[in-house]
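> predicted model and sequence below, questions to follow.
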Amino acid sequence: MTTASFAPPSARDIDVVSAQLGRPARGVVGIAARCVCGNPTVVATSPGLPDGTPFPTFYYLTHPGATAAMSALEATQVMNEFNAGLEADDELRAAYARAHEAYLRDRAPFGDVPEIDGISAGGMPTRVKCLHALAGHALAAGPGVNPIGDAALARGAWSPQRCECADPGTGG
């Protein structure tokens, strides 16, 4: 069980995230995970963006190395393997459903947006759709909360234990 625990982002954090994304950061309510150098890796995003757009992805992976690793992993079609695992393994399926519930609990204090009620991210609770979202959740919540996010991080080429920021001052 997780509960969101992070400080509001600093102006520097927002600048780094904007550089990481290549666009202005929107709706960031906190930095949920950081690189070993201190740069943001995962942001927590308001469930309702400033323009009113519903945004279910509370934990949003921003680190360029991490996002590239998840993109490369998705290109291998590993999601088919993860989905097959969910179908075949009752324990994995139950743990993934618990991850979904934890995600919703973490997001709840940041606003109620009826359009995304009960919707988490990454395909939870029944399928694997986006490794970026699942890895972001795993990094923010810590090991053992999101089994598919943990598995994606374990299989990806990027490690949260190693800084790959091109410029630790800007994140880019």
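Arrived safely. Keep in mind that what you see is a predicted model, and the values were worked out from it rather than measured.
> would you map the helices across this protein?
Secondary structure of the chain (DSSP state H): helices at 11-21, 64-75, 78-88, 90-107, 131-141, 147-155.
> right, and these - which one's nearest Val29?
Between Val29 and those, the tightest spacing by CB to CB is seen for helix 90-107, at 9.8 Å. Bear in mind the C-beta positions are built from the backbone N, C-alpha and C, glycine included.
> where are the low-confidence patches of the protein?
Applying pLDDT under 70 to the chain picks out residues 1-3, 167-172.
> now with 80?
The model of the chain has pLDDT under 80 over residues 1-5, 166-172.
> spatially central residue in it, please.
Nearest to the mean C-alpha position of the chain, counting by CA atoms, centre = their mean, stands Gly136 at 2.0 Å.
> so which of the helices of the chain is the most surrounded?
Stretch with highest mean neighbour count among these: helix 131-141 (a mean of 29; mean count of other CB atoms under 10 Å).
> next, the angle helix 147-155 makes with that one.
100 degrees (axes from the mean of the first three to the mean of the last three CA atoms, to 10 degrees).
> ok, and what's touching helix 131-141?
2, 4, 32-33, 41-42, 44, 57, 59-61, 66-67, 70-71, 73-74, 78-79, 99, 102-103, 106, 121-124, 128, 145-146, 148-150, 152-153, 156, 160 (CB atoms under 8 Å, 6 or more residues apart in numbering).
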